[in-house]
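>>> When you get a sec, could you give me coordinates for this:
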Amino acid sequence: MNRSRPKAKRSRALGMPLTPKCVRYFERRPYPPGVHGRGRKQQSDYKTRLLEKQRLRAQYDVSERHLRRTFDRATRAAGKTGEALLADLETRLDALVLRSGLARTIYQARQFVSHRHIQVDGRRVNIPSYRVRPGSVITVADKSRKMTPFLEAAAGAHAPEHVPAYLRADHTALVAQLVRLPERHEIPVRCDEQLVVEYYSR
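Below you'll find the model as predicted:
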């Protein structure tokens, strides 16, 4: 992921705000950046699929190599490949930290995990791509609970309007549990996963 590019410009290039802060920038200029942003012509089928894949990458803040590996794993799973791909991405530790309201953005969630503020079943995990299994409990480490971002999270500042049904979250206690694997209609990402499958299957 090219993190050096300002998130507001990336949001405009992808056609969707990537963070809450980017919403107002995107609403003010809802077209791609650059002098030709307003006059872009109709996209080819290839570019449509490429853009959808890039949107998925951005929403989970994953590299191309990681997404490709995840897709290869999804092709071997039972059921529809696109749904298996999203379920695999959604059970990443950083994604669940975000969904449970412990972090404001996927970037902050990734940082929390990398800096060893998050525990899974009582054990510190510093790998954002760590796959959480159903039944596992996610908590904030005791020594990290007095940090300002977690005090805000405990007050419900980052709590989503609706916690997905596959998660059980207690913001006050800074605890979340993955109850079961997510189903496609429950995963709050903007993506036509079939276009992503077609992109990688070309």
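
>>> in this protein, which spans are strands?
Here the chain has its strands, by DSSP state E, at 118-120, 123-124, 137-140, 167-170, 175-178.

>>> could you dump these to TSV with distance to Asp94?
Every C-beta, even on glycine, is put in place using the N, C-alpha and C of the backbone. Compiled in TSV, those are given as follows (distance: least, C-beta to C-beta, whole Å):
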stretch	distance to Asp94
strand 118-120	9
strand 123-124	14
strand 137-140	11
strand 167-170	14
strand 175-178	12
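
>>> Would you format those strands as JSON lines with mean pLDDT included?
Shown next, in JSON lines, are the strands of the chain (pLDDT from 0 to 100):
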{"stretch": "strand 118-120", "mean pLDDT": "98"}
{"stretch": "strand 123-124", "mean pLDDT": "97"}
{"stretch": "strand 137-140", "mean pLDDT": "98"}
{"stretch": "strand 167-170", "mean pLDDT": "96"}
{"stretch": "strand 175-178", "mean pLDDT": "98"}
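
>>> Need these in CSV (columns: distance to Thr148 and mean neighbour count).
Formatted as CSV, the strands of the chain follow (distance: least, C-beta to C-beta, whole Å; neighbours: other C-beta atoms under 10 Å):
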stretch, distance to Thr148, mean neighbour count
strand 118-120, 16, 21
strand 123-124, 20, 9
strand 137-140, 13, 20
strand 167-170, 20, 17
strand 175-178, 19, 21
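
>>> right, so of those, which gets closest to Pro6?
Pro6 lies closest to strand 118-120 among the strands of the chain, at 27.1 Å (C-beta to C-beta).

>>> Could you chop this structure up by domain?
The chain resolves into domains spanning 1-41, 46-91+190-202, 92-180 when parsed by automatic domain parsing.

>>> Averaged pLDDT, the first one. What do you get?
Across domain 1-41, pLDDT averages out at 65.

>>> Just read off the phi/psi values of the residue nearest to Met147 when sequence neighbours are not counted.
Counting by C-beta to C-beta, 6 or more residues apart in numbering, His117 is the residue found nearest to Met147 once chain neighbours are left out, at 7.5 Å. Dihedral pair for His117: phi -90, psi -10, per degrees, to the nearest 10.

>>> residue contacts, His117?
Neighbour list for His117: 140-141, 144, 147, 150 [criterion: C-beta atoms under 8 Å, 6 or more residues apart in numbering].

>>> Distance to Val132 for those - can I get that in JSON lines?
JSON lines is the format used below for those (distance: C-beta to C-beta, whole Å):
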{"residue": "Val140", "distance to Val132": "15"}
{"residue": "Ala141", "distance to Val132": "16"}
{"residue": "Ser144", "distance to Val132": "18"}
{"residue": "Met147", "distance to Val132": "22"}
{"residue": "Phe150", "distance to Val132": "19"}
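
>>> quick one: contacts for the spatially most central residue of the chain?
Nearest residue to the geometric centre of the chain (C-alpha atoms, centre = their mean): Tyr60, 3.1 Å. Contacts here follow C-beta under 8 Å, 6+ apart; on that basis Tyr60 touches 67, 89, 92, 94-95, 106, 189.

>>> run the last query once more with 6 Å
Leu89 (C-beta atoms under 6 Å, 6 or more residues apart in numbering).
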